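K.L.:
give me coordinates for this.
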Amino acid sequence: MVDTKYTVTMNKNDKILVAGAAGMVGSAIIRALLKAGYQNISGTYRNRKPSVGSDFVDYLQIDLMDQSAVKNMYETLKPDFVFYAAAKVGGIVANNTYRAEFLYDNLVIQNNIVHNAWLSKVKKLLFLGSSCIYPKMAPQPIKEEYLLTGLLEYTNEPYAIAKIAGLKLCENYNIQYGTDFIAAMPTNLYGPEDNYDLQNSHVLPALIRKFHEAKTNAAEKVVIWGTGSPLREFMHVDDLASACVFLMNNYSGNKFVNIGWGEDISIKELALLVKRIVGFEGFLEFDVSKPDGTPRKLLDVSFLRSLGFNPSIHLEDGINNAYADFLNKYQ
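P.N.:
Predicted coordinates:
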């Protein structure tokens, strides 16, 4: 383990690479870096060029599954620091439908990014995983040490296995090669640049779209998957981005770090909150034939807080921000 007392920190002119810059997390990290005054940022995208900081960020279109392309990118850019925010992601339906793709694609992408970071002598890399790496029936709140102590939730098992492999890849490159690769596990995220596709989005953006469309169409009801009883924790993506920049500058070690808000809410309570923010006046109907997923998933964030970081965007304020982002895209 690298002693945090000797943590490498980013200088304003260091070359910083954000892999997966077009996604919700990657674009938020770029916003956070620009806000903090970093001046030498590159970001990768595959299909749609990001608009965040387009006048200040060097965006590169690249397929991160292409090993030679990733190798050439590292050789050309020579980044000092890498934020790994690229992944094939989705909600319950997407995870359970494209199981092979979620496992294979994520393994290939992270292997390319991490291995070439070592070959290129990157000073530091931050790997972002997901809280789904933990056992389905893990004690609550979930501590980092609960990893690999039980069975995973079946619907997102392939994605979780890929992310577990990624954080272990970073840990073991540190052990064998002396790299400074750290890993963080975010809770459920939402915010600007989220995916609102009802077929493969996560629960909160799906609720925003459902309630907005129901309001627009003067529908009598909105159908919610499951019983509404599962408890989930949500964090605004800008809080996550701030935490990532904080960790890059303040932490080094093999222990991965939970990133979350520290409190949870039931899906029913969440739906009622979104309903009020959107202004839908109908009623809710719960489709109990649909899966609930994990009964509860709340991260223990005491380690992150002991390092000195606390999030600041409360859920209601964050959902208002997310709904404004939705309206900006779909109206």
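K.L.:
now do the strands in the stretch 1-150 of the chain.
P.N.:
Secondary structure of the stretch 1-150 of the chain (DSSP state E, counting those that start in this stretch): strands located at 16-19, 41-45, 57-61, 81-84, 124-128.
K.L.:
identify the neighbouring strands of the last one in the sheet and state each direction.
P.N.:
Using DSSP bridges, the strands paired with strand 124-128 in its sheet are strand 81-84 (parallel), strand 181-186 (parallel).
K.L.:
and residue 95, which of these is closest to it?
P.N.:
Closest approach to residue 95 among the strands paired with strand 124-128 is made by strand 181-186 (16.1 Å; Cβ to Cβ). Quick note: C-beta positions are derived from backbone N, CA and C, even for glycine.
K.L.:
centre of the chain to the closest one, how far?
P.N.:
The chain centroid and the centroid of strand 181-186 are separated by 10 Å under Cα atoms, centre = their mean, to the nearest Å.
K.L.:
what does stretch 244-264 give?
P.N.:
Centroid displacement of stretch 244-264 relative to its chain, using Cα atoms, centre = their mean, is 12 Å.
K.L.:
one step back: could the strands paired with strand 124-128 go into CSV alongside distance to residue 143?
P.N.:
As requested, those are exported to CSV (distance: least, Cβ to Cβ, whole Å):
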stretch, distance to residue 143
strand 81-84, 23
strand 181-186, 11
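K.L.:
coming back round to it: quick one: closest of the strands of the stretch 1-150 of the chain to residue 196.
P.N.:
Nearest to residue 196, of all the strands of the stretch 1-150 of the chain, is strand 41-45, at 18.9 Å by Cβ to Cβ.
K.L.:
who does the closest one touch, helix- and strand-wise?
P.N.:
Applying 3 or more Cβ pairs under 8 Å, 6 or more residues apart in numbering; DSSP states H and E, one finds that strand 41-45 contacts strand 16-19, helix 24-35, strand 57-61.
K.L.:
nearest to residue 86, of these?
P.N.:
Residue 86 sits nearest to strand 16-19 of all the helices and strands packed on strand 41-45, at 4.5 Å, using Cβ to Cβ.
K.L.:
CA atoms only: put the closest one into PDB for me.
P.N.:
What follows is strand 16-19, C-alpha atoms only, in PDB (Å, rounded to 0.1, in the frame of the first residue of the first chain):
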ATOM      1  CA  ILE A  16      -4.900  14.800 -17.300                       C
ATOM      2  CA  LEU A  17      -6.800  12.100 -19.300                       C
ATOM      3  CA  VAL A  18     -10.500  11.400 -18.700                       C
ATOM      4  CA  ALA A  19     -11.400   8.100 -20.300                       C
END
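K.L.:
give me the sheet partners of it and which way each runs.
P.N.:
Applying DSSP bridges, one finds strand 16-19 paired with strand 41-45 (parallel), strand 81-84 (parallel).
K.L.:
coming back round to it: for residue 120, find the nearest of the helices and strands packed on strand 41-45.
P.N.:
Closest approach to residue 120 among the helices and strands packed on strand 41-45 is made by strand 16-19 (9.8 Å; Cβ to Cβ).
K.L.:
so what touches that closest one?
P.N.:
Here strand 16-19 makes contact (Cβ atoms under 8 Å, 6 or more residues apart in numbering) with 10, 26, 29-30, 33, 38, 40-44, 64, 77, 79-86, 113.
K.L.:
for the record, mean pLDDT for that strand?
P.N.:
For strand 16-19, the mean per-residue pLDDT is 98.
K.L.:
and residue 327, which of the strands of the stretch 1-150 of the chain is closest to it?
P.N.:
Across the strands of the stretch 1-150 of the chain, closest to residue 327 is strand 41-45 (Cβ to Cβ), at 23.9 Å.
K.L.:
what are the contacting residues of that closest one?
P.N.:
Contact partners of strand 41-45, identified using Cβ under 8 Å, 6+ apart, comprise 15-22, 26, 30, 33-34, 50, 53, 56-62, 64, 73, 77, 79, 86.
K.L.:
quick one, grab the pLDDT at residue 278.
P.N.:
Confidence score, pLDDT, at residue 278: 97.
K.L.:
next up, the contacts around it.
P.N.:
208, 211, 212, 215, 323.
K.L.:
can you check what pLDDT the model gives the first one?
P.N.:
When you say that, I think you mean residue 208. You'll see residue 208 listed with a pLDDT of 96.
K.L.:
next one: it from residue 195, what distance?
P.N.:
Distance, residue 208 to residue 195, by Cβ to Cβ, to the nearest Å: 11 Å.
K.L.:
quick one: which of the two has more around it?
P.N.:
Neighbours were counted for residue 208 and for residue 195 using other Cβ atoms under 10 Å; residue 208 has more, 24 against 18.
K.L.:
so what's the more buried one up against?
P.N.:
Applying Cβ under 8 Å, 6+ apart to residue 208 gives the contacts 196, 274, 278, 319, 322, 323, 326.
K.L.:
same thing but at 6 Å, please
P.N.:
274, 323, 326 (Cβ atoms under 6 Å, 6 or more residues apart in numbering).
K.L.:
I appreciate the help and will end here.
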